[in-house]
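Engineer: all I have is the shape, not the residue letters:
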């Protein structure tokens, strides 16, 4: 079994198996210590349980704006939790940051998705476009993978700071 097949097997059906969960737990400890420069731990409230849910994600910047992408498409827990919470979440990397995630319109996703795949090596096996494909290919598949803009939530008045 090659690397791509093994990576896909870890997330069969869009859910992590025990091996993937173990990798995620170890990676989250690395991220929380600030040792993974392009990664964050996203914490959301479970949409049914209300309990905190954490997942490691690659966060990319484009033109000074931060973004996170779902490598497994729209039917994953963290995406559903973010949508149910009206975008409210927290990012953890050395410290906790309260944020609001706003879904990026499909028409604006292609260049961000291309940048994401430059850094998110582990996401490449799950995507339907190669990391080095022309921009037109990214435009063709942009609707497949939810993407969110990350804005800091100021605690004083609940206003967004960009």
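Structural biologist: Perfect, thanks for sending it. Note that the coordinates shown come from a computational prediction; the quantities given were computed from them, not determined experimentally.
Engineer: ok, residue 60 - contacts?
Structural biologist: Contact analysis of residue 60 by Cβ atoms under 8 Å, 6 or more residues apart in numbering lists 38, 66, 67, 69, 112, 115, 116, 118, 119, 120. For glycine as for every other residue, the C-beta is placed from the backbone atoms N, C-alpha and C.
Engineer: what residues are up against the last one?
Structural biologist: So that's residue 120. 38, 58, 60, 69, 71.
Engineer: is the second one in contact with residue 41, as I believe?
Structural biologist: No - between residue 58 and residue 41 no contact is recorded; they are 11.4 Å apart, counting by Cβ atoms under 8 Å.
Engineer: what are the boundaries of the helices in this structure?
Structural biologist: Taking DSSP state H, the helices of the chain run over residues 3-10, 18-32, 77-84, 110-119, 135-141.
Engineer: that older thread, can you tell me which two in the contacts of residue 60 are farthest apart?
Structural biologist: Greatest spacing in these, by Cβ to Cβ: 66 and 118 (15.1 Å).
Engineer: the two: who's more crowded?
Structural biologist: residue 66 (18 against 13; other Cβ atoms under 10 Å).
Engineer: which residue sits closest to the more buried one in space, ignoring its chain neighbours?
Structural biologist: Spatial nearest neighbour of residue 66, excluding adjacent residues (Cβ to Cβ, 6 or more residues apart in numbering): residue 150 at 4.0 Å.
Engineer: thought residue 64 was touching the one you found, still the case?
Structural biologist: No - contact criterion Cβ under 8 Å: residue 150 and residue 64 do not qualify, at 11.6 Å.
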